[in-house]
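Student: With the input below, show me the fold.
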Amino acid sequence: MKKLVLFLIIISFLFYLVYKYGKVEKAVLDNNTLESKKETTYSTPSFSDTEKALKALQNLSKSNTGFTEIPEGLTFEEVKYDNNKKITTIFAEYRGEKISLGSFQESRILLQIFKTVNMNIVDAEKFRIIFKGGNSPFYEIKYDGLYSIDGENIILVGE
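Tutor: Sure, this is the predicted structure:
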């Protein structure tokens, strides 16, 4: 009986860890309004906010309640957060085909990426995306600047 109680306590603790530290949030687009909405998913537990943000970005192209415009071939490799300057840097790689997107669609993609990071690193105020290898899917807008989020808009705040 004692072994069963101990087993149940351990299993309950593991479920708690997965629920508490495995929950990641990502921004998906609402099918009707095209505005960003929060979607919660679960993955292996992560204890740091940057790991949670990276896992959410890696799962961004998959959605149950909305849709994303993340192009195939765009992979996220690392997220770094500078606590002093409140800047989050996202390292990505694009190995997809060259596609022609409009500036509106490109800004929606960046907004989804930055909002997803902001949902998991709530103190982040500025965002930057850097492509380590391959090309960039962005041609219409300057993607490697320093951005901030204002509602459903992204604002270029620096280089």
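
Student: Determine the longest helix present in this protein.
Tutor: The single longest helix within the chain, with elements called by DSSP state H, is helix 2-21.

Student: and for the helix or strand following that one, what are the contacting residues?
Tutor: Downstream of helix 2-21, the next assigned helix or strand under DSSP states H and E is strand 23-29. For strand 23-29, the external contacting residues (C-beta atoms under 8 Å, 6 or more residues apart in numbering) are 35-43, 46, 52-53, 55-57, 59-60, 63, 65-69, 108, 111-112, 115-116, 119-120. (C-beta placed from N, C-alpha, C; glycine too.)

Student: how about 6 Å then?
Tutor: Under the criterion C-beta atoms under 6 Å, 6 or more residues apart in numbering, residues 36, 38-43, 52, 55-56, 60, 63, 66-68, 112, 115-116, 119 lie in contact with strand 23-29.

Student: what about that strand, distance to the chain center?
Tutor: Chain-centre distance of strand 23-29: 7 Å, with C-alpha atoms, centre = their mean, to the nearest Å.

Student: right, and the helix or strand after it?
Tutor: Counting by DSSP H and E, what follows strand 23-29 is strand 36-42.

Student: next structured bit after that following strand?
Tutor: helix 49-58.
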